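> pasted the sequence and its predicted model underneath.
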Amino acid sequence: AQSVAQPEDQVNVAEGNPLTVKCTYSVSGNPYLFWYVQYPNRGLQFLLKYITGDNLVKGSYGFEAEFNKSQTSFHLKKPSALVSDSALYFCAVRANYGGSQGNLIFGKGTKLSVKP
Amino acid sequence: DAGVIQSPRHEVTEMGQEVTLRCKPISGHNSLFWYRQTMMRGLELLIYFNNNVPIDDSGMPEDRFSAKMPNASFSTLKIQPSEPRDSAVYFCASSLAVSGANVLTFGAGSRLTVL
């Protein structure tokens, strides 16, 4: 079965410090991986995606993610956190079974809290 | 482009009532998705359309739920009769499905409370 796991419900970081939000996946074949962010009372917004190529993917708002095939991980990172980065972050993998080859399977989300 | 438009943004109704949620996808997008978000279960895919045709409705909880996409610019999700356990935020998303790397654009969601 295809799935995404985000092992941390919450990550707390001080402003200016680096942040990491963890994600591991289980999928048959080559994974298509995504990160989305959700601010309060808003829909999800796309941050970045990995399809193929360079394992380090750069996205919006200074975020990046590193694809690690051997560890089946796709952790989200940012060198210096901002208070405005506080939000709910979702990792997702493209479904690849039967007729479903377009929808995304989402992790449960990780709440990032950045304190001044 | 105004993005994915959902209505209503908030709905409070009583158990047993019919609820209809509406979605206007981004013009030119050919895939549309309905997701439900709750604290307990996170984001769940309910149903997915491609070129107005339902592709995967395995996530639809039960017969009380139905979804339609009569044309490329409109979709509805109906719950009849509604129950308190249907209380959630319902998201519509659309994408242009030309490859497996489709980026979904989400609407702001419809928050449903069933009393």
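Received it, and whenever you're ready, just let me know what you need. Numbers count the residues shown, from 1 in each chain, chains lettered A, B, ... in the order given.
> quick one, what contacts B:K24?
Taking Cβ atoms under 8 Å, 6 or more residues apart in numbering or on different chains, we find B:K24 in contact with B:V4, B:I5, B:Q6, B:S73, B:F74. Heads up, the C-betas are built off the backbone N, CA and C, glycines and all.
> the helix or strand harbouring A:V57: which residues count as buried?
Per DSSP states H and E: A:V57 is located in strand A:56-58. Using 16 or more other Cβ atoms under 10 Å in any protein chain shown as the test for burial, strand A:56-58 gives A:V57.
> and chain B, which residues reach chain A?
Residues of chain B found near chain A (Cβ under 8 Å from any Cβ of the partner chain) are B:4, B:31, B:33, B:35, B:42-43, B:45, B:48, B:50, B:55-56, B:91, B:93, B:95, B:97, B:100-109.
> mind giving me the ChimeraX command for buried ones among the residues you listed?
To isolate the buried members of the residues of chain B next to chain A in ChimeraX, using 16+ other Cβ under 10 Å:
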select /B:4,31,33,35,43,45,48,50,55,56,91,93,95,97,102,104,105,106,107,108,109
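> so where's chain A shaky on pLDDT?
Where chain A drops to pLDDT under 70, the residues are A:96-102.
> what segments of it are strands?
For chain A, the strands defined by DSSP state E cover A:3-5, A:10-14, A:19-21, A:24-26, A:33-38, A:44-50, A:56-58, A:64-68, A:73-78, A:87-94, A:104-106, A:110-115.
> mind listing what the one residue in chain A that gets nearest to chain B touches?
Residue of chain A nearest chain B, by Cβ to the nearest Cβ: A:G43 (3.4 Å). Contact analysis of A:G43 by Cβ under 8 Å, 6+ apart lists B:V4, B:F91, B:A93, B:F106, B:G107, B:A108, B:G109.
> make it 6 Å
Shown in contact with A:G43 (Cβ atoms under 6 Å, 6 or more residues apart in numbering or on different chains): B:F91, B:F106, B:G107, B:A108, B:G109.
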